[in-house]
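Participant: Please work out how this folds:
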Amino acid sequence: MKKSLVGLLSCTLVLLTACTQSAGSEIELKEENRRLTEEVNELKKSVGELNGKIDQFEQEKEKFVYFSNLSRDFVYAHKTGDREALRQLLSDNLVLEERDGKLYVEVEGVEWLLFDYTEKGSLDDWVLQGFEFNSETNTYSVFIREFYSDANGEPVSPPTFLNLVFEHQNDVWKIVSLGFDV
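Facilitator: Numbering: from 1, shown residues only. Next up, the predicted model:
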């Protein structure tokens, strides 16, 4: 009888131990499943953000040559005082004004000198310094450095920095903002 009692007791202990381990394992599995689900959701969010950045870079790549050409057209128009070419490139909210032999553009209440008909200096070269797409405003910004010579042919220092912002209006890309810096 002692043998049977010891056998029964052994079986009961094994059974009780197995049941408590399976209950603990089930709780651990649920916790692990919850943690993995959170990680998957975070990874999906990261993938979405990265896909957005990839789209932005692809847009910049596709439009680079187009905006380089528009920027070149603007640089040459503003350095030759070509009002008609400037008018075609500028948005209607930018006002061109000629006075005292100089051509100005007004941008958000600030006047920028585009061309001085009396000046004898010249544009020697220009370099595209940067280009970016702003997905929040759906605009492209182009950053240009211009190199000039004075009337004696001497380089003007420092070079001028020109920033152009393009926006799509009525099926055409127009300059909606610009500014100069040295």
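
Participant: ok, which stretches of this structure are helices?
Facilitator: 2-80, 83-89 (DSSP state H).

Participant: mind giving me CSV with those and columns for mean pLDDT?
Facilitator: Shown next, in CSV, are the helices of the chain (pLDDT from 0 to 100):
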stretch, mean pLDDT
helix 2-80, 78
helix 83-89, 95
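
Participant: which of the ones you listed is buried the deepest?
Facilitator: helix 83-89 (a mean of 15; mean count of other Cβ atoms under 10 Å). Heads up, the C-betas are built off the backbone N, CA and C, glycines and all.

Participant: Contacts made by it with the rest, please.
Facilitator: With Cβ atoms under 8 Å, 6 or more residues apart in numbering as the test, helix 83-89 has contacts from 70, 73-74, 76-78, 96, 98, 103, 105, 114, 174-175.

Participant: Make CSV from these and add distance to residue 162 to it.
Facilitator: Formatted as CSV, these follow (distance: Cβ to Cβ, whole Å):
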residue, distance to residue 162
70, 13
73, 13
74, 8
76, 12
77, 12
78, 8
96, 16
98, 20
103, 15
105, 12
114, 10
174, 16
175, 11
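
Participant: Would you check which pair of those lies furthest apart?
Facilitator: Farthest apart among these by Cβ to Cβ are 70 and 98. That separation is 22.7 Å.

Participant: how about stretch 143-160 as PDB, C-alpha atoms only?
Facilitator: Taking Å, rounded to 0.1, in the frame of the first residue of the first chain, the C-alpha atoms of stretch 143-160 are listed here in PDB:
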ATOM      1  CA  PHE A 143      20.000  77.400 -54.200                       C
ATOM      2  CA  ILE A 144      22.300  79.200 -56.600                       C
ATOM      3  CA  ARG A 145      25.700  81.000 -56.200                       C
ATOM      4  CA  GLU A 146      26.400  83.700 -58.800                       C
ATOM      5  CA  PHE A 147      29.900  85.100 -59.700                       C
ATOM      6  CA  TYR A 148      30.300  88.600 -61.000                       C
ATOM      7  CA  SER A 149      33.000  90.800 -62.400                       C
ATOM      8  CA  ASP A 150      32.900  94.600 -62.000                       C
ATOM      9  CA  ALA A 151      33.400  97.100 -64.900                       C
ATOM     10  CA  ASN A 152      37.200  96.600 -64.800                       C
ATOM     11  CA  GLY A 153      36.800  92.800 -65.200                       C
ATOM     12  CA  GLU A 154      37.800  92.200 -61.500                       C
ATOM     13  CA  PRO A 155      35.900  89.500 -59.600                       C
ATOM     14  CA  VAL A 156      33.300  90.900 -57.200                       C
ATOM     15  CA  SER A 157      33.700  89.300 -53.800                       C
ATOM     16  CA  PRO A 158      31.900  87.700 -52.100                       C
ATOM     17  CA  PRO A 159      29.700  85.800 -54.600                       C
ATOM     18  CA  THR A 160      25.900  86.300 -54.400                       C
END
